[in-house]
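# I would like the atomic coordinates for the input below:
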Amino acid sequence: MYSFLKKSLAAFAGFFVAAPLWAQTTVENPQPDANVSGISLVSGWRCSAGNITVSFDGGTQYPVSYGTIREDTAAVCGDTNNGFGFLWNWGRLSDGSHTVQLFDNGTQFAEVNVTVTNYGAEFLSGHTNSTLA
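Now for the predicted structure:
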């Protein structure tokens, strides 16, 4: 009960709550409409979560690590174990527009559109920057 009350009070800082505490989320990577390639993180934070998964264009849902320390979420969430992250190889997707969808226990909570540049292979080797231009 105390933990719930502590989180609820933190959410009322400034007398305004944009969303219920359990739904407060920020997707930091990738940014909306970003150009992506290579290998990078899908990451951000969520105040409270069950099993987070990610899918690309509505495909397979992959498990996402959740619960890493994010000191910057303490004022909003009432605790700091709110970070999530998933390492992804954008070379697994074709060139063009794609949708990244994040789920908590099967319910979608975020969506980000990105543009993928695929250099023709999942793991590019044998090239220099001059041969990619």
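# Kindly state the beta-bridge partners for the residue nearest the centre of the chain.
Note on the chain: the residue nearest the mean C-alpha position is Ser43, at 3.5 Å, using CA atoms, centre = their mean. In this entry, Ser43 is beta-bridged to Asn29, Gly85, by DSSP bridges.
# Check Ile69 too.
Asn81.
# In contact with it, which residues are there?
Taking CB atoms under 8 Å, 6 or more residues apart in numbering as the contact definition, Ile69 lies against Thr80, Asn81, Gly83. The way it works is simple: take the backbone N, C-alpha and C, and place the C-beta from them, glycine included.
# Return a PyMOL selection command for the buried portion of these.
Buried residues among these (16 or more other CB atoms under 10 Å), as a PyMOL selection:
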select buried, resi 83
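# could the contacts of Ile69 be laid out in JSON lines, adding distance to Thr26 and pLDDT?
Formatted as JSON lines, the contacts of Ile69 follow (distance: CB to CB, whole Å; pLDDT from 0 to 100):
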{"residue": "Thr80", "distance to Thr26": "14", "pLDDT": "96"}
{"residue": "Asn81", "distance to Thr26": "15", "pLDDT": "96"}
{"residue": "Gly83", "distance to Thr26": "10", "pLDDT": "97"}
